[in-house]
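# This is a predicted model, with the sequence first.
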Amino acid sequence: MSKKAISYFKLHKIPILMVLGSLVFYASFGYDLVRTDFIKLLTLFAALFFLYYKLMQFEKWNFKFLVVVGILFRLVFFIAEPNLSQDFYRFIWDGELIQKGINPYLQTPNALIEQKNFAIANAQELINGMGSLSAKHFSNYPPLNQLLFTIAAFLGGKSILGSIIAMRVMIILADIGILVFGKKLLQNLNKPTHLIFWYFLNPLVLIELTGNLHFEGVMLFFFVWAMYLVSLKKWALAAPVYAFSILLKLVPLLFLPFFLNYLGFKKSIGFYTLIGFTIVISLIPFYSPEFVTNYSATVDLWFSNFEFNAGFYNAIKKLAVTYYEAKPWKLIKEYGDIIPFLVIACTISLTFLKDNKKLSTLFQSMLLVLTFYYFLSATVHPWYILSLLLLAVFTDYRFAIVWSGTVVLSYFAYSNADFKENLWLIALEYLVAFSYLAYELVKHNRFDLKKIFKIQ
């Protein structure tokens, strides 16, 4: 070992030891954890979150060091099979279908597997892996997601592990892209560039994206890239990139009204037109009359049928069932019908009452409306929080970092065969996260509605 290396080790001994410890914990998480073992899962995550926080304390100004560390953490998962989510089986299934020229929006896996002349690689293993819930529904993943699934299936060469590795490479590259454009965006906002590492090194990001292959990270890459272009006043170039983020996940649709104030009426209309054109072009290969019906019905399920890790909804449900003898299956449907209107109302309020002419305020509005939506939503999977986490990096709010740590409590449901949740743990998760949000609102003097909306 050279003198320079020895000197560097002595200077950074504690952070290096923390990195080595984290590598061991990530390896255990990726290769030696069964999701039903909640105690081990919670212990590993808590240790990783503590080390993440301490690394940021010790080395937040050492940009190159943290870049290398973040990449090393991701490479630990390189050949690991996701152990907290089975969604990747459906990703590969959809990719294999498209390779065969089959539209994944038109037939369910259950219907296809019963056809005598149907054949794709690993069909039975994929349908068993995705689970009965996914197998009986049409695909709900937007077109660009489908393209990435197809590329992964092709590169995988009819191997499930091969497809997993291909998807993992895409997600790692997307995270590196977020790091690059996130740093530039922070510079344009006159904020410290090290803030991007609150996202890049976050254990939830590593576990749910690199580890469990959720494509929120790819969506966020296109979103941050688009916002960087917007910060340079290149809205025409930003529009198709922003459309790509929507074509991966629908979340960025929520933020579109805010650009009306930021860009001005004329430019925003051009921005919306280019986004719409890009989306329409991408839908053409999949379009059929049944596509609209099937996709709408599948998306509607997330509002009116599913519930997981809910905040406000769980409180409403408990009161309604206990004191008013409400039927849970009926309540979730009625509740799901109301939520879109409440979120739209919140978005419109922030659009017209809040001054979104500054980029920093624009990010704050995005963070607020998405927080409002997740607080009300009946389904909040842990990886959903990552959008809040990245948005928070560009604002003064840090409650999303806290929530990314407490959301691990929702994993308790995985320890039960019927995914039964512990509502006390869910309540604790939300109590801690939103208590910190309340603290930040007080800290920044933003409980005054006049200050929130900048009403004169």
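Received the coordinates, thanks.
# Can you verify my assumption that residue 381 contacts residue 309?
Yes - counting by C-beta atoms under 8 Å, residue 381 does reach residue 309; the two are 6.8 Å apart. Placement of C-beta: from N, CA and C, glycine included.
# more neighbours, the two?
Applying other C-beta atoms under 10 Å to residue 381 and residue 309 shows that residue 309 carries more neighbours, namely 26 against 17.
# and the more buried one, what is it in contact with?
Residues in contact with residue 309 (C-beta atoms under 8 Å, 6 or more residues apart in numbering) are 379-382, 407, 410, 413, 421, 426, 429.
# Next one: residue 443 relative to residue 60, how far apart?
The gap separating residue 443 from residue 60 is 20 Å, by C-beta to C-beta, to the nearest Å.
# Neighbour count: those two, which is higher?
More crowded of residue 443 and residue 60, by other C-beta under 10 Å: residue 60, with 17 against 10.
# quick one: that one and residue 194 touch, right?
Yes - in this structure, residue 60 is within contact of residue 194 by C-beta under 8 Å, at 4.2 Å.
# Contact partners for the closest residue in space to residue 388 that isn't next to it in sequence?
Leaving out its chain neighbours, the residue that sits closest to residue 388 by C-beta to C-beta, 6 or more residues apart in numbering is residue 400, at 4.0 Å. Contacts for residue 400 (C-beta under 8 Å, 6+ apart) come out as 367, 371, 385, 388-389, 391-392.
# Can you tell me which of those residues is closest to residue 319?
residue 371 (22.6 Å; C-beta to C-beta).
# buried stuff in stretch 286-296?
Using 16 or more other C-beta atoms under 10 Å as the test for burial, stretch 286-296 gives 286, 294-295.
# Could you do stretch 407-423 as well?
407-415, 421.
# Helix or strand next in line after the top helix by length along the chain, which one?
Criterion DSSP state H: the longest helix present in the chain is helix 160-188. Downstream of helix 160-188, the next assigned helix or strand under DSSP states H and E is helix 197-200.
# packing partners for the next helix or strand after that following helix?
Following helix 197-200 in sequence order, the next helix or strand is helix 203-205 (DSSP H and E). Under the contact criterion of 3 or more C-beta pairs under 8 Å, 6 or more residues apart in numbering; DSSP states H and E, helix 203-205 touches helix 38-59, helix 385-393, helix 399-406.
# what does the average pLDDT come to for helix 203-205?
Averaging pLDDT along helix 203-205 yields 98.
# what does that helix contact?
With contact meaning C-beta under 8 Å, 6+ apart, helix 203-205 is reached by 45, 48-49, 52, 175, 199, 217, 382-383, 385-386, 389, 404-405, 407-408.
# Repeat the analysis, applying 7 Å as the threshold.
45, 48-49, 52, 199, 382, 385-386, 404, 407 (C-beta atoms under 7 Å, 6 or more residues apart in numbering).
# possible to save the residues you listed as JSON lines with distance to residue 118 and pLDDT?
Shown next, in JSON lines, are the contacts of helix 203-205 (distance: C-beta to C-beta, whole Å; pLDDT from 0 to 100):
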{"residue": "45", "distance to residue 118": "40", "pLDDT": "97"}
{"residue": "48", "distance to residue 118": "42", "pLDDT": "98"}
{"residue": "49", "distance to residue 118": "45", "pLDDT": "97"}
{"residue": "52", "distance to residue 118": "45", "pLDDT": "97"}
{"residue": "199", "distance to residue 118": "41", "pLDDT": "98"}
{"residue": "382", "distance to residue 118": "34", "pLDDT": "95"}
{"residue": "385", "distance to residue 118": "38", "pLDDT": "96"}
{"residue": "386", "distance to residue 118": "36", "pLDDT": "97"}
{"residue": "404", "distance to residue 118": "41", "pLDDT": "97"}
{"residue": "407", "distance to residue 118": "39", "pLDDT": "96"}
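# Good, wrapping up.
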